[in-house]
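1. sequence and predicted model, in that order:
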Amino acid sequence: MIKVYSVVKEKGVVLVGPNCPGVISPGQAKVGIMPGFIHKKGNIASIKREILELYPEVAR
């Protein structure tokens, strides 16, 4: 993992951790285990460590 992290820093990219439920940009891209149909396009971002905390927030 140290080697991976050094390459990530060198390339200037973002590393998404193993406990992350994923990254989604509605209507553009989805990576991970989150269902795309519950997310809507907008100008609010949500960052959570647990996916179960994310679902109620997205439902609002």
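-> Yep, that arrived. Numbering: from 1, shown residues only.
2. can you map out the strands along the protein?
-> The residue ranges that make up the strands of the chain, judged by DSSP state E, are 22-25, 29-32.
3. number of residues surrounding Ile24?
-> For Ile24, the count of nearby residues is 19 (other C-beta atoms under 10 Å). No exception for glycine: its C-beta is placed from N, CA and C like everyone else's.
4. which ones are touching the nearest residue to it once chain neighbours are set aside?
-> Using C-beta to C-beta, 6 or more residues apart in numbering and skipping the chain neighbours, the partner closest in space to Ile24 is Lys30 (4.7 Å). For Lys30, the contact set (C-beta atoms under 8 Å, 6 or more residues apart in numbering) comprises Gly22, Val23, Ile24, Gly36.
5. neighbour-wise, give me the winner out of the residues you listed.
-> Counting neighbours by other C-beta under 10 Å, the top entry in these is Ile24, with 19 neighbours.
6. if I look at it, how far off is Ile2?
-> According to C-beta to C-beta, to the nearest Å, Ile24 and Ile2 sit 29 Å apart.
7. now the contacts of Lys30 in TSV, with pLDDT and distance to Glu10?
-> Written out in TSV, the entries for these read as follows (pLDDT from 0 to 100; distance: C-beta to C-beta, whole Å):
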residue	pLDDT	distance to Glu10
Gly22	81	24
Val23	85	21
Ile24	85	27
Gly36	80	32
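8. out of the residues you listed, the closest to Ser6 would be?
-> Distance to Ser6 across the contacts of Lys30 (C-beta to C-beta) is lowest for Val23, with 21.9 Å.
9. I figured Leu54 hits Met34, correct?
-> Yes. Applying C-beta atoms under 8 Å, one finds Leu54 in contact with Met34, separated by 7.2 Å.
10. mind listing the helices for the protein?
-> Taking DSSP state H as the criterion, the chain contains helices spanning 2-11, 51-59.
11. as JSON lines, those with mean neighbour count would be great.
-> As requested, the helices of the chain are exported to JSON lines (neighbours: other C-beta atoms under 10 Å):
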{"stretch": "helix 2-11", "mean neighbour count": "9"}
{"stretch": "helix 51-59", "mean neighbour count": "12"}
